[in-house]
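[1] got a predicted structure plus its sequence, pasted below:
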There are 2 protein chains.
Amino acid sequence: MREFKKLTPYREALSILLNDLTEIADVEEVSLDDALGRVLAEDVVSPIDSPPFDRAAVDGYGLRAEDTFQAREYSPVKIKVIDEIAAGEESRAKVEPGTAVKLLTGAKIPEGANAVLMQEMAERKGNIIRVLRPVAPGQNVAMKGEDVRKGEVVLRKGQILRPQDLAILKSLGFRTVRVKRKPRVGIIITGSELIEEFDEEALMHGRIIDSNSVMLKGLVKQYFGEPRFYGVLPDDEKKIGEVIRKAREENDLVLVTGGSAFGDMDFAHRFVNLLFHGTTIKPGRPIGYGERTFVMSGYPAAVFTQFHLYVKHALAKLVGARDYEVKVRAKLTERVPSQLGRYEFVKVRYENGTAKPIRKKGSGIISALVESNGYIVVPEDSEGYLEGESVEVVLY
Amino acid sequence: MREFKKLTPYREALSILLNDLTEIADVEEVSLDDALGRVLAEDVVSPIDSPPFDRAAVDGYGLRAEDTFQAREYSPVKIKVIDEIAAGEESRAKVEPGTAVKLLTGAKIPEGANAVLMQEMAERKGNIIRVLRPVAPGQNVAMKGEDVRKGEVVLRKGQILRPQDLAILKSLGFRTVRVKRKPRVGIIITGSELIEEFDEEALMHGRIIDSNSVMLKGLVKQYFGEPRFYGVLPDDEKKIGEVIRKAREENDLVLVTGGSAFGDMDFAHRFVNLLFHGTTIKPGRPIGYGERTFVMSGYPAAVFTQFHLYVKHALAKLVGARDYEVKVRAKLTERVPSQLGRYEFVKVRYENGTAKPIRKKGSGIISALVESNGYIVVPEDSEGYLEGESVEVVLY
């Protein structure tokens, strides 16, 4: 068997990859209802102050704080209510000494007033309220621009839009938002041993059901992309070459599984000018990349690792996404030994501050992927971690 | 102002809510490609062993381990290769003492063999290999059922399906999966002060752009539901009553914002037999629930809190979802004081093991929702946390 002469260190390969890719320029303007999970294409600057004026933060009485300074429970101050407004309305009354306007939360503070007395702090009879305690200037007033100031950046380019981000956009008057076009990702599965449907007879004679296609489609969707499936191809050099060329023309990125090693039937890498081939990651070492094309393993656990260590970051680069990984700190429930020289991907089950390594041998093992909910890495220069050691877990 | 006579403690209200709701019985059978993020309706039991037979875990030679026990680099053992197979094929040869079959990874171990010698550990000339080191019985063999055993539960009811879950289903021969129907959630926004589009003039006179609708639609989608929007309604008692009745007939759950307090214009709670109204949560105290209907605040930050503390759990109950919250432990970067008797929802920015409280006064404040990426809670019997204290953060 030919082998990799030299494995490219994980981080070196990653920077070769990221340097080779260019952020997608295409921007789509979508309605806020369709923007959940999309990636913001540019900074959003607020066109207005929010609130647009000083407003009542509670239901109560807009008045001059000075008028209440002498108020005590045993010696209330009497103030005259000169106007009363409904939600969304505005009082045109001017608050003079000794007067107040009844306001609902959110209402504009009327001219002359500088504070709001909470409704339950006043005793009202007819149009007179008795104030029992003093109110400070500015009390219960939401100041103009207190939430967001005009011209302030409220959301930054690369934000993956969440429900609350859509809410702030809406509240500032936006009806649409400019997001990056989703990267189109061609998926090609190769291997004559693969079948697409359950066939017990075929399985008992060594065939394997392809599961990489459905997994990669899901992963691509999870990380901002639009998957496009080119089928499961037999080990036919000519056919594989044709489909790779076609997929490359039609997509921003192409993922080819199978054919990344140097077996006699591993063709895929022959159609790509690879910038690296074979890196220090474990599992998944035989990964190759060049010309916007990943040549990946055939084994699901290796493909999963290659996706998280390389493809995910490539997709994030294409759309300029920020904060696309959830990283938490956890204490290891047991020792994780690792081989020097390998950048090891160790699946873990994260729960309540602890990480339990889920290690099963064999890169075909899918059950470990299912049991785990995140991973830790052990870099090339480390022999692993001790039980109880604090590690960084990336959740998935 | 009328006020709540008694606030129901947070957890008591939550159990009233969850006891009142019944898990949706409807199940949909969807293709694996459409199942990402859906909630599994029942346990999935493997119909097969995986691998279905003992198979090669590496490319190499299937042989009898015993034949290699004497092998040394200075005194190699010679073994005759009697068959050679391609991917997905099966050798019918019987491995007798002194013979081997060349196998690719994944191939069935031929009769008579009990180990696989890695290809690079053998020197081959014609049909003879020279074995330089001994191989142990079982070495480089993936045993039948080692990944998944026939009859084993591979995924449990309530699992939110991830790409790797779809992969295991596919690999075990499934083409479809039974998931819960998405809960249909009617969303009704009330408030005469609300406008749906930007109008500077109207804003300057006290109107407010509704942002709860887009936020709630997003939150409902995030937590397994299908949002159905019934519009922004003015404070018209008759109209609000009609729409609530209609929405309740057409949905599993109804969310009404505005009208949960006791202002003169707060009608919504009159149309619902509430099981609780007013709980100890802060912000968002005036929440009410009954007859599959939530009567919620009008202020976005209060609505967001009410959603996370109540509605999210209601949706999870409706579909029987497990593990729908990501909880991490973090050290507080500063003190969080809290009022006794309140179940306080404190937004935080979680980063690298620390949680920074994002506190801005005012329940209308959306910018704090945008800055934060999770929350902590301070229960009723606590006065808060100290700087540096370890707390549980729920990420969003």
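    Now that the structure is in, tell me what you want to look at. Residues are numbered from 1 along each chain as shown, chains lettered A, B, ... in the order given.
[2] buried residues, the lowest-mean-pLDDT helix or strand in chain A. List them.
    Within chain A, confidence by mean pLDDT, DSSP states H and E is lowest for helix A:200-204 among all helices and strands, at a mean of 87. Using 16 or more other CB atoms under 10 Å in any protein chain shown as the test for burial, helix A:200-204 gives A:Leu203. The C-beta positions use only the backbone N, C-alpha and C, and glycine is treated the same way.
[3] now stretch A:174-183
    Buried-residue list, stretch A:174-183, by 16+ other CB under 10 Å: A:174, A:177-183.
[4] circling back to that earlier point, partner strands of the helix or strand following the least confident helix or strand of chain A and their direction?
    Next in sequence after helix A:200-204, counting helices and strands by DSSP states H and E, comes strand A:208-209. Strand A:208-209 has its sheet partners listed here by DSSP bridges as strand A:194-195 (parallel).
[5] for whatever helix or strand A:Arg124 lives in, name the packing helices and strands.
    Per DSSP H and E, A:Arg124 falls inside strand A:122-125. Contacts defined by 3 or more CB pairs under 8 Å, 6 or more residues apart in numbering or on different chains; DSSP states H and E place strand A:122-125 against strand A:128-131.
[6] can you list contacts of the strand it packs on?
    A:61, A:67-68, A:71, A:76-81, A:100, A:117, A:121-124 (CB atoms under 8 Å, 6 or more residues apart in numbering or on different chains).
[7] so how do I select the buried members of the residues you listed in PyMOL?
    Buried residues within the contacts of strand A:128-131, by 16+ other CB under 10 Å, are selected in PyMOL with:
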select buried, chain A and resi 61+67+68+71+76+77+79+81+100+117+121+122
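[8] which two of the contacts of strand A:128-131 have the greatest separation?
    A:Lys80 and A:Met121 (16.7 Å; CB to CB).
[9] mind splitting chain A into its structural domains?
    The record's domain parsing of chain A by automatic domain parsing lists A:10-25+A:182-319, A:27-50+A:148-180, A:55-142, A:326-395.
[10] and the nearest residue to A:Tyr10 once chain neighbours are set aside, how many residues sit next to it?
    Spatial nearest neighbour of A:Tyr10, excluding adjacent residues (CB to CB, 6 or more residues apart in numbering or on different chains): A:Tyr343 at 3.7 Å. Neighbours of A:Tyr343 under the rule other CB atoms under 10 Å in any protein chain shown: 25.
[11] any idea what A:Tyr343 is bridged to?
    The partner residues for A:Tyr343, given DSSP bridges, come to A:Ile281.
[12] can you pull the pLDDT of it?
    Model confidence at A:Tyr343, given as pLDDT, is 98.
[13] which residues in the stretch 51-200 of chain A form strands?
    Here the stretch 51-200 of chain A has its strands, by DSSP state E, counting those that start in this stretch, at A:55-56, A:60-63, A:77-84, A:99-103, A:115-118, A:122-125, A:128-131, A:141-142, A:153-155, A:176-180, A:184-190, A:194-195.
[14] would you turn the ones you listed into JSON lines with mean pLDDT?
    As requested, the strands of the stretch 51-200 of chain A are exported to JSON lines (pLDDT from 0 to 100):
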{"stretch": "strand A:55-56", "mean pLDDT": "90"}
{"stretch": "strand A:60-63", "mean pLDDT": "96"}
{"stretch": "strand A:77-84", "mean pLDDT": "96"}
{"stretch": "strand A:99-103", "mean pLDDT": "96"}
{"stretch": "strand A:115-118", "mean pLDDT": "95"}
{"stretch": "strand A:122-125", "mean pLDDT": "92"}
{"stretch": "strand A:128-131", "mean pLDDT": "96"}
{"stretch": "strand A:141-142", "mean pLDDT": "91"}
{"stretch": "strand A:153-155", "mean pLDDT": "96"}
{"stretch": "strand A:176-180", "mean pLDDT": "98"}
{"stretch": "strand A:184-190", "mean pLDDT": "97"}
{"stretch": "strand A:194-195", "mean pLDDT": "92"}
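[15] nearest to B:Tyr289 among these would be which one?
    strand A:115-118 (26.3 Å).
[16] that closest one: how far from the chain's middle?
    Taking CA atoms, centre = their mean, to the nearest Å, one finds the center of strand A:115-118 at 41 Å from the center of the full chain.
[17] cool, stretch A:141-149 as well?
    Worked out by CA atoms, centre = their mean, stretch A:141-149 lies 28 Å from the chain centre.
[18] buried stuff in that stretch?
    A:141-142, A:144-148.
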